[in-house]
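Got a predicted structure here, sequence first:
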Amino acid sequence: MTICIGAKIKELRKRDNMTQEQLAEKLSVTPQTISRWETETAYPDITAIPILANIFDVSIDTLMGYDKTKTAQKVNDIITSSKKYFWNNIEKCEAILLDALKDYPNNDLILRELLSLYECHIRTYGKTEYTDKAISVAHKIIAEATDIFCVCSAKADLASLYLMQNRYIDAKQIIDTLPYMYPYLLNDKMRVSSYSLKGEDRLKEAKDWKIIEYQELFLACIMEGEGYFETGDYKNALKSFIEGKDVIERFMLTDKISPEAYLFNGVQTNHMCCYLQIAGCYLKLNDIDKCKQSVEKAYEIVSLANGEDFIKQPELFLEQYNKTYKEYGLETYKPL
């Protein structure tokens, strides 16, 4: 990464109508030193950097010649490149991100992507050899990142890592430090555009907002149901799971179950889980007929909503089915 500090010093000095002699006097150096800096035959000592920034009334980033727009685009390109390997080659993805950190040390977004890589592979594939690395990166982001969303996301991943280690108290302590419903305090582009703009400008953002809120609503219903189920209130758990299922089905794009029926990929897993959770409630309430119907519906969803992918790799999609089936005690109804 090239840093053109000499050219930047010259640009800022001329902007302020300052001679090399005047700048040299402010820094207690010779005019020849300023000349060498500007021609980049020599560079300022690191202790002079904040003084120069103060003289020119600019940030150190500006003085060092960093173009934030270009840097952001380069970082985005790196992360996009790494995502091609995110699920199928963790070593390659990790190498790309670690190499990027050499050029962009402590970059919030790169560190965040690295943490996400570790946490996802630990949670999904049991790659516990990455746990120490993941926890270290999470602590670094939480301690040093300036982006509140990166910090919150890192805390969520750290809590997940703790829970996978059966460290419930540690996870809860981290979660308790999170802001309460922070995004709703934010005048973000999506909400302000939807409220304030018109026509296509309003429509574009409102469509995206609807998808996010749709996901938030059915997940909230499911989480509420899980809470009731864990506390033994199976009637209210059933009500919440049915509400979650109803939200998903209200916004399905077709009446027929298929990969194209959902607003975005992945909802079919939640849809399937809802029916197994409903079945678990009916089992607890001793309504075996409705339990059976719900189990059959869940299997119909997992087999049809994933299309040809299910035919090619059924075990991949049945993993979550079997896990939820066991979690809600359905093996006592009928063993897998």
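Perfect, thanks for sending it.

use CA for all of it now, contacts and neighbours both
OK.

helix, strand or coil for I141?
When classified by DSSP: H, G, I helix; E, B strand; the rest coil, I141 comes out as helix.

quick one: it from S153, how far?
Per Cα to Cα, to the nearest Å, I141 is found 9 Å from S153.

okay, and the common contacts of the two?
R112 (Cα atoms under 8 Å, 6 or more residues apart in numbering).

Please say which of the two ends up with more neighbours.
Neighbour tally, I141 and S153, criterion other Cα atoms under 10 Å: the higher count belongs to I141, 25 against 18.

can you tell me the helix or strand for the closest residue to the more buried one other than its chain neighbours?
Leaving aside its sequence neighbours, I141 sits nearest to V151 (Cα to Cα, 6 or more residues apart in numbering; 6.1 Å). If you go by DSSP states H and E, V151 is part of helix 148-164.

Could the C-alpha coordinates of that helix be exported in CSV?
In CSV, the C-alpha atoms belonging to helix 148-164 read as follows (Å, rounded to 0.1, in the frame of the first residue of the first chain):
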residue,chain,number,x,y,z
ILE,A,148,-20.8,0.0,16.7
PHE,A,149,-22.3,-2.6,14.4
CYS,A,150,-19.0,-4.5,14.2
VAL,A,151,-18.7,-4.4,17.9
CYS,A,152,-22.2,-5.7,18.5
SER,A,153,-21.7,-8.4,15.9
ALA,A,154,-18.5,-9.4,17.5
LYS,A,155,-20.2,-9.6,20.9
ALA,A,156,-22.9,-11.8,19.4
ASP,A,157,-20.3,-14.2,18.0
LEU,A,158,-18.3,-14.2,21.2
ALA,A,159,-21.5,-15.1,23.1
SER,A,160,-22.0,-17.9,20.6
LEU,A,161,-18.5,-19.2,21.1
TYR,A,162,-18.9,-19.2,24.9
LEU,A,163,-22.2,-21.1,24.6
MET,A,164,-20.4,-23.7,22.5
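
helices or strands up against it?
helix 108-125, helix 131-144, helix 168-175 (3 or more Cα pairs under 8 Å, 6 or more residues apart in numbering; DSSP states H and E).

Most tightly packed of these?
Burial of the helices and strands packed on helix 148-164 is given as mean neighbour count (mean count of other Cα atoms under 10 Å); helix 108-125 ranks first at a mean of 20.

Kindly export that one (C-alpha atoms) in PDB.
Below are the C-alpha coordinates for helix 108-125, written out as PDB (Å, rounded to 0.1, in the frame of the first residue of the first chain):
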ATOM      1  CA  ASP A 108     -13.000  -3.400  11.400                       C
ATOM      2  CA  LEU A 109     -14.600  -5.100   8.400                       C
ATOM      3  CA  ILE A 110     -11.800  -7.500   7.600                       C
ATOM      4  CA  LEU A 111     -11.500  -8.500  11.300                       C
ATOM      5  CA  ARG A 112     -15.300  -8.900  11.400                       C
ATOM      6  CA  GLU A 113     -15.300 -11.200   8.300                       C
ATOM      7  CA  LEU A 114     -12.500 -13.200   9.800                       C
ATOM      8  CA  LEU A 115     -14.400 -13.700  13.100                       C
ATOM      9  CA  SER A 116     -17.500 -14.700  11.200                       C
ATOM     10  CA  LEU A 117     -15.500 -17.200   9.200                       C
ATOM     11  CA  TYR A 118     -14.200 -18.900  12.400                       C
ATOM     12  CA  GLU A 119     -17.500 -18.800  14.300                       C
ATOM     13  CA  CYS A 120     -19.500 -20.200  11.400                       C
ATOM     14  CA  HIS A 121     -17.100 -23.100  10.900                       C
ATOM     15  CA  ILE A 122     -16.900 -23.900  14.600                       C
ATOM     16  CA  ARG A 123     -20.700 -23.800  14.900                       C
ATOM     17  CA  THR A 124     -21.600 -25.600  11.700                       C
ATOM     18  CA  TYR A 125     -18.700 -28.100  11.200                       C
END
